[in-house]
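Enquirer: okay, predicted coordinates and the sequence, questions at the end:
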Amino acid sequence: MIQVAIFGASGFVGGELLRLCASHPRLQPARLFGDSQAGQALGEVHPHLALAYPRAMIERYEKSALDGVDLVFAALPHGQSQDLAPAILDRGIPLVDLGADFRLRDPAAYKQWYGERHRAPELLGSFVYGIPELDRDAIRGARAVAAAGCYPTATILALKPLVDAELIDPASVVVDAVSGVSGAGKGLKESTHFNSVSESLSAYGLISHRHTAEMEAALGATVLFTPHLAPMNRGILATCYGTATGSMAAGAPLETMRAAYADEPFVHVTERSPSTKWTLGSNAVQLTARYDERTGRVLAIAALDNLVKGAAGQMVQCANLMLGLDEGAGLSTCGVYP
């Protein structure tokens, strides 16, 4: 068995990683780090995992705790992985990081979008950006992967084939994306209280949301991105627009998308307009696209579960590639419905 350490095990993504590892044939969670709830039984922190991990405890991280660890998952807020990665990589332990710390190659870009100096710029070139459908060859055998998060994954998968096929003007991309509240993390904040979210839909991060930088880097496009918070637990729905580069058959965007993802086990291209509920609990992405002759624009839509394909499932998929395992091990293509 592959012994796994999880940083951020007490959070939503940490809990999802543990749920996925419980059905994985090779990944065995061995050390669970979560400073805010250190000393508590895992079943107290994540009651839904109590039967799968009856003796597991959340612990405070110490460097010696990595002895015997074969793989590290880091599901931490941005800024924290920079302080941990050097010691992990110096020990030769493969690392999959979900934070934004190593997704951008340029330390100046990190400072621009995150408002602070990068504390480990010498490691930026060591990380492979992690969307397996687009970066599979680079991820396979890599020692450090910066797994893409939920908004970038949905947006990039929806738009990449259309940009690459030159069906849309890369200077014209607009993205409106809606997320469930779990995307904001487990920490308590007024904006995610029940009374704030219930029966409400709000936009945030106007003009300067930090995930824009990843989208632009992966797409080679200029993106106007506006995220929205919806009163649901899970899910991302990204609705993306771009000006068409010329007239085309009505079905050209959909057929281009189908060809690009024909062999992808976790991507389903459909004529129907996708729903977040179709992907609930799964590592699947549902995609569709249209050309609107009247406005001269192309429309692309992606739906995924922000905690699975947008977080923990993406991390497991990357780890499977890194370690030479079956890429789909521990991951489901089936959503939970209704």
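Expert: Nice, I can see it.
Enquirer: alpha carbons only for contacts and neighbour counts from here, please
Expert: Noted.
Enquirer: how many neighbours does the closest residue to Ala311 other than its chain neighbours have?
Expert: Nearest non-adjacent residue to Ala311, counting by C-alpha to C-alpha, 6 or more residues apart in numbering: Gly149, 5.6 Å away. Neighbourhood size, Gly149 [other C-alpha atoms under 10 Å]: 26.
Enquirer: give the contact list for Gly149.
Expert: Gly149 makes contact with Leu98, Gly99, Asn306, Gly310, Ala311, according to C-alpha atoms under 8 Å, 6 or more residues apart in numbering.
Enquirer: compare these and tell me which is most surrounded.
Expert: Those, ranked by neighbours (other C-alpha under 10 Å): first place Asn306, 33 neighbours.
Enquirer: for the residue nearest to Ala311, give me the backbone phi and psi.
Expert: Torsion angles at Gly149 (phi, psi; degrees, to the nearest 10) stand at phi -90, psi -170.
Enquirer: if I look at it, how far off is Ala252?
Expert: In this view, Gly149 and Ala252 are 28 Å apart by C-alpha to C-alpha, to the nearest Å.
Enquirer: before we move on, what about Glu214?
Expert: Distance from Glu214 to Ala252, by C-alpha to C-alpha: 26 Å.
Enquirer: the two: who's more crowded?
Expert: More crowded of Glu214 and Ala252, by other C-alpha under 10 Å: Glu214, with 22 against 16.
Enquirer: thought Ala154 was touching that one, still the case?
Expert: No: with contact defined as C-alpha atoms under 8 Å, Glu214 does not count as touching Ala154 (11.8 Å).
Enquirer: which stretches in the stretch 1-150 of the chain count as helices?
Expert: All helices of the stretch 1-150 of the chain, identified by DSSP state H, counting those that start in this stretch, fall at 12-21, 42-45, 81-90, 107-114, 132-139, 150-164.
Enquirer: again with the stretch 151-300 of the chain
Expert: Under DSSP H, counting those that start in this stretch, the stretch 151-300 of the chain gives helices at 194-197, 212-219, 252-260.
Enquirer: closest one to Ile2 among these?
Expert: helix 212-219 (30.7 Å; C-alpha to C-alpha).
Enquirer: other SSEs contacting that closest one?
Expert: helix 150-164, strand 223-229 (3 or more C-alpha pairs under 8 Å, 6 or more residues apart in numbering; DSSP states H and E).
Enquirer: any idea how far the residue nearest to Ala311 is from Gly242?
Expert: Gly149 is 22 Å from Gly242, by C-alpha to C-alpha.
Enquirer: what sits against the nearest residue in space to Gly43 that is not next to it in sequence?
Expert: Of all residues not flanking Gly43 in the chain, Ala50 sits nearest, at 4.1 Å (C-alpha to C-alpha, 6+ apart). Counting by C-alpha under 8 Å, 6+ apart, Ala50 touches Leu42, Gly43, Glu44.
Enquirer: tabulate the helices of the stretch 151-300 of the chain (TSV), appending distance to Ala329 and mean pLDDT.
Expert: Listed next are the helices of the stretch 151-300 of the chain as TSV, based on distance: least, C-alpha to C-alpha, whole Å; pLDDT from 0 to 100:
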stretch	distance to Ala329	mean pLDDT
helix 194-197	35	90
helix 212-219	26	97
helix 252-260	23	98
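Enquirer: sorry, back to before: pull the most distant pair out of the contacts of Gly149.
Expert: Largest pairwise distance in these, by C-alpha to C-alpha, is 13.9 Å, between Gly99 and Asn306.
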